[in-house]
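Chemist: Turn this into a model:
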Amino acid sequence: MDQIKLYNVERIVSLITDQTKTVRKHCNADNFIRVLRRCFQAIPDHRQVSKTSISLDDALMSAYAMFSLKDPSLLAFENRRLNEAENLRAVFGIENIASDTQMREILDPLSPREFRSGFTAVFRILQRGKDLEAMTCLDGHYLISGDGTGFYYSTKVGNDFCLRKKQENGKHAYYQQMYGAAIVHPDKREVIPFCPEMISNQDGTSKQDCERAAAQRFWREFRREHPHLPVIVTEDALSSNAPHIRELKALNLRFILGVKPGDHQFLFEQFDASVETGKVTEFNMDDPRDPKKYHVFRYVNGLSLNKSNQDLKVNLLEYWQADDKGNELRFAWVTDLEITRENAYEIMRAGRARWRIENETFNTLKNQGYHLGHNYGLGAQHLSMVFTTLMVLAFLVDQAQQLGCWLFRKAWEESRSKRQLWENVRSRFRELPVDSMETLYRSIAFGIKGYVVEVIEPDDVMT
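Modeler: You can find the predicted model right below:
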C-alpha cells in the first residue's frame, strides 16, 4: 500500500509540474497563428474591398484553420463553420469565417508565392530561438533535400495552369506538381519545409513547365530570402547535371547529389582509371550503431562531371552497405565538399538523408492526415496550388512545434500517434469551448478521462 501511495504522489507531482509549466513565448501554436495572420493581412486584396463581406485574411485564415485541424474536405470544414464557429473565432482569430464557396472564389486568383512571407516568418522564429542549431551537420551546414511530387491528377477536369499529358486514347490527362524542399537531418524525424515552388504552366507561355525549371526558381528565391545561410543541397540523380550544378555554385550552395554510372559514363570512366593508377582511396568500417553491418567507401576528388563540361570538377564517393546475411546496398554521389577519410561517413549519411523529403515530407503529407493529393478544388486559376501551399504551411507549423514546443510533444506522446493526435484535436475542438491551441493541447496532454487519484494525507507523503 505504501508503494501505491508513493507512486500516486510521484504521479501527482509530475502532473502538477507539467500542468503548471509554461510554453515558450514564441515557439507555440498560438504565436504562430498570430504571426501568420499578420502575414496574411499584408497580402494585397485583388478585389474591390468596399464590396466584400469577408476580408482576405479571414478567408486565408479559414483555409489555414482547415489544414491546421486536418479536415479531409471543404465539406468537413463547412460543417465545422456552422457548428464550431466560436472556437474558430477564438483560436484562429477569424472575424467572418469563409464558407466553402466563398473560400474558392476569394482564393482562386491568388498566387501561391504570396505565402512565402509566412514560411520565412516561422523559420525566423525557429532561428532566433536556436531550435535549428540541432539540425546542422558537416561543419554547421543545413542539409536541404529537394524533389518534385504531384498533388493533382484528372483525366476529365483541368485548367490553363495544369500540365498536360497525352494518353494512348488521344485524350489529355491534367496534373499539377510542385518542387518541395526541407531541412533534414540524418538523425532527426523533424523536417523544416520551405515554401514549395509550383510546377505549372505560366501565363503567356506555350512551353510546358518542368521540375528542373521549378527547382531553378526555387533555389534563386531561397537564396534571395536566406542569403547567408550555410547550406548543402542533396537531390536525386536527375539533378547531377552541369547547368544545375553551375547554378548551385553561383548561388553559393554546396551539394551532395546522387549519380548513376549509366547517366555519367565519362565520370565513372575517370574513376575506374583512377582505381588502376592507385589514386582512389578505399577503406572499410564497421557500423557504429549495428555490429551486423559494415560500410565500404571509395572516393576520389577532382574529376570532370562529363565530357562536355570538363572544366566542372566534382568529387565522387562510391559506397556499399553490407550485412552478415549478404544483403547489399550501393550508392554514389558527386559533391563539391572535399572527401576525406574523416568525413566520408558523414557525407554518406547526408546523401542518404535525401530520402527524408520523400518519407518524412511527401509521404507524411499524403498518408499521415494532411490529405495531400485529395481534391479540395482545382479552381479556374490557382486554387489547388493555394490550398497545397497552405497545407505545407500548416505542416511547417506542426514540425516547428515538434522541434521546439514541449506541450505539443506531450500531447503527441499521450495520443501515441500523429493520426490519433489529429483526431484528438478535432474531437476536443468539437466538444469543448477552447480559447487557444494551448488550452486544446493541455486538454489532450493532461485531461485523462477515468484517472482517479487517491486522496493522500500529508503524513502519507513522507512514506
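Chemist: Give me the distance between residue 261 and residue 434.
Modeler: For residue 261, the distance to residue 434 equals 57 Å [CB to CB, to the nearest Å]. To be clear about C-beta, it is placed using only N, CA and C from the backbone, and glycine gets the same treatment.
Chemist: Pick out whichever of these two has more residues nearby.
Modeler: Of the pair residue 261 and residue 434, residue 434 is the one with more neighbours under other CB atoms under 10 Å, namely 20 against 13.
Chemist: need the contact list for that one.
Modeler: 87, 90-91, 428, 440, 443 (CB atoms under 8 Å, 6 or more residues apart in numbering).
Chemist: got it, and residue 333?
Modeler: Shown in contact with residue 333 (CB under 8 Å, 6+ apart): 256-259, 316-317, 319, 347-348, 351.
Chemist: now swap in residue 144 and tell me
Modeler: Applying CB under 8 Å, 6+ apart, the residues near residue 144 are 181-184, 194, 231-234.
Chemist: let's see 7 Å
Modeler: Contacts for residue 144 (CB atoms under 7 Å, 6 or more residues apart in numbering) come out as 181-183, 231, 233.
Chemist: Could you tell me whether it really is in a helix?
Modeler: No: assessed with DSSP: H, G, I helix; E, B strand; the rest coil, residue 144 is strand; it does not lie in a helix.
Chemist: Who does it form a beta bridge with?
Modeler: Taking DSSP bridges as the rule, residue 144 bridges to residue 183, residue 233.
Chemist: What separation is there between it and residue 155?
Modeler: 35 Å.
Chemist: follow-up on the earlier one: take the contacts of residue 333 and keep only those in strands.
Modeler: Among these, the residues falling in strands (DSSP state E) are 256-258, 316-317, 319.
Chemist: Contacts for the helix or strand hosting residue 419, please.
Modeler: Here residue 419 sits within helix 418-431, counting by DSSP states H and E. Contact with helix 418-431 is made by 69-70, 84, 87, 368-369, 411-412, 415, 434, 440, 443-444, as judged by CB under 7 Å, 6+ apart.
Chemist: go again using 6 Å as the cut-off
Modeler: Residues outside helix 418-431 that contact it (CB atoms under 6 Å, 6 or more residues apart in numbering) are 69-70, 87, 368-369, 412, 415, 440, 443-444.
Chemist: buried residues in the very next helix or strand once past that helix?
Modeler: Downstream of helix 418-431, the next assigned helix or strand under DSSP H and E is helix 437-446. By neighbour count with 16 or more other CB atoms under 10 Å, helix 437-446 contains the buried residues 437-438, 440-446.
Chemist: For those, give me TSV that also has distance to residue 286 and pLDDT.
Modeler: Formatted as TSV, these follow (distance: CB to CB, whole Å; pLDDT from 0 to 100):
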residue	distance to residue 286	pLDDT
437	46	97
438	47	95
440	47	95
441	43	96
442	46	94
443	48	93
444	43	95
445	41	93
446	45	90
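Chemist: what sits up against the one helix or strand residue 218 maps to?
Modeler: Assigned by DSSP H and E, residue 218 belongs to helix 211-225. The contact list for helix 211-225, computed with CB under 6 Å, 6+ apart, reads 120, 148, 179, 197, 199, 247, 251.
Chemist: Report the rounded mean pLDDT for that helix.
Modeler: In this model, helix 211-225 has a mean pLDDT of 97.
Chemist: Quick check: buried residues in it?
Modeler: For helix 211-225, a neighbour-count test (16+ other CB under 10 Å) marks 211-212, 214-216, 218-219, 222-223 as buried.
Chemist: How far off centre is it?
Modeler: Once both centres are worked out by CA atoms, centre = their mean, to the nearest Å, helix 211-225 turns out to sit 16 Å from its chain's centre.
Chemist: how much distance is there from stretch 159-167 to the middle of the chain?
Modeler: Stretch 159-167 sits 27 Å away from the centroid of its parent chain (CA atoms, centre = their mean).
Chemist: which regions of the chain lie under the pLDDT threshold?
Modeler: Low-confidence segments of the chain (pLDDT under 70): 1-18, 49-51, 203-206, 448-463.
Chemist: May I see the buried residues of stretch 245-261?
Modeler: By 16+ other CB under 10 Å, the buried positions in stretch 245-261 come out as 245, 247-248, 251, 253-259.
Chemist: So what pairs up with the residue lying closest to residue 162 once chain neighbours are set aside in the strands?
Modeler: Nearest residue to residue 162 in three dimensions, chain neighbours excluded: residue 174, at 4.0 Å (CB to CB, 6 or more residues apart in numbering). The residues listed as beta-bridge partners of residue 174 by DSSP bridges are residue 154, residue 164.
Chemist: In contact with residue 174, which residues?
Modeler: Going by CB under 6 Å, 6+ apart, residue 174 touches 154, 158, 162.
Chemist: residues near the last one, how many?
Modeler: Translated: residue 162. For residue 162, the neighbour count with other CB under 10 Å is 22.
Chemist: That one and residue 207, how far apart?
Modeler: Residue 162 is 14 Å from residue 207, where distance means CB to CB.
Chemist: hang on, the earlier thing: how about the ones in strands among the contacts of residue 333 in TSV, adding distance to residue 384?
Modeler: Output for these, formatted as TSV (distance: CB to CB, whole Å):
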residue	distance to residue 384
256	33
257	30
258	30
316	41
317	40
319	39
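Chemist: And the furthest pair within these?
Modeler: Taking CB to CB, the two most distant members of these are 257 and 319; they sit 13.9 Å apart.
Chemist: and stretch 65-76, how far from the chain's centre?
Modeler: 18 Å.
Chemist: which other residues reach it?
Modeler: Contact with stretch 65-76 is made by 77, 88, 92, 100, 369, 371, 376, 390-391, 394, 422, 426, as judged by CB under 6 Å, 6+ apart.
Chemist: what's the next secondary structure element after the longest helix seen in the chain?
Modeler: Longest helix in the chain by number of residues, with DSSP state H as the criterion: helix 383-404. Per DSSP H and E, the first helix or strand lying C-terminal to helix 383-404 is helix 406-415.
Chemist: Can you check what angle separates that following helix from helix 418-431?
Modeler: 100 degrees (axes from the mean of the first three to the mean of the last three CA atoms, to 10 degrees).
Chemist: In helix 406-415, which residues are buried?
Modeler: Buried residues in helix 406-415, counted by 16+ other CB under 10 Å: 406-408, 410-412, 414-415.
Chemist: With stretch 197-204 instead?
Modeler: 197-201.
Chemist: Phi and psi next, for residue 198.
Modeler: phi -70, psi 140 (degrees, to the nearest 10).
Chemist: what does residue 42 give?
Modeler: The phi/psi pair for residue 42 (degrees, to the nearest 10) is phi -80, psi -10.
Chemist: Determine the number of other residues adjacent to it.
Modeler: Residue 42 has 11 neighbours, counted by other CB under 10 Å.
Chemist: How about it: what's its closest non-neighbour residue?
Modeler: Sequence neighbours aside, residue 117 is the residue nearest to residue 42 in space, at 6.7 Å (criterion: CB to CB, 6+ apart).
Chemist: The helix or strand that contains that neighbour: which residues count as buried?
Modeler: Residue 117 is part of helix 116-128, with elements assigned from DSSP H and E. Under the neighbour-count criterion of 16+ other CB under 10 Å, helix 116-128 has 116-120, 122-123, 125-126 buried.
Chemist: No more questions from me, cheers.
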